[in-house]
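sequence and predicted structure, then a few things I'm wondering about:
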Amino acid sequence: MDPAEEQRVLEEKVGKALDEARAKLDTALDSLSKGGAESEKKVWWAEEAAEYSSLLYSLTYGLEDEDPPVPVRKRNAEPIPLVKESSESLRHATELRGKSSLEGYHNLRTAVYKLRQAHHILEKAGSKKR
């Protein structure tokens, strides 16, 4: 396979991974807004899908050595706003993919971080209920 075709295949896989992350994130947000019992698991699935798309993104655009800054952690953050913010970051990452892959990657990593934070909050809340 020549390098141009390999790049095209990788970009196609990134697109599919981003679509899957978007779908799982939307499902998680819907579950959170309805107060579903499976919210923690759905946020985790969205986090994992975003993490996978981040890996593919970095490999596709040669950003393996890039280490974006971690967003400032908010005290007393709530899961729903965090998931909404990650949704916005994921949307930006998808839009910037063809224009500025580095900026898109930074947005994607922000989405992953915020989903991870939301999952951690939900996990802590779930363990207190038990």
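Alright, I've got the coordinates.

C-alpha from now on. contacts and neighbour counts both.
Fine.

my read: Arg97 touches Gly104, true?
Yes - contact status for Arg97 versus Gly104: in contact at 5.6 Å, counting by Cα atoms under 8 Å.

who's more crowded, those two?
For Arg97 and Gly104, the more surrounded residue by other Cα atoms under 10 Å is Gly104, and the numbers stand at 23 against 18.

next secondary structure after the longest helix along the chain?
With secondary structure taken from DSSP state H, the chain has its longest helix at helix 3-34. Next helix or strand after helix 3-34 toward the C-terminus (DSSP states H and E): helix 39-60.

give the rounded mean pLDDT of that next one.
Across helix 39-60, the average pLDDT comes to 96.

show me the contacts for the residue nearest the centre of the chain.
Nearest to the geometric centre of the chain sits Ala50, at 3.3 Å (Cα atoms, centre = their mean). Counting by Cα atoms under 8 Å, 6 or more residues apart in numbering, Ala50 makes contact with 17-18, 21, 108, 111-112.
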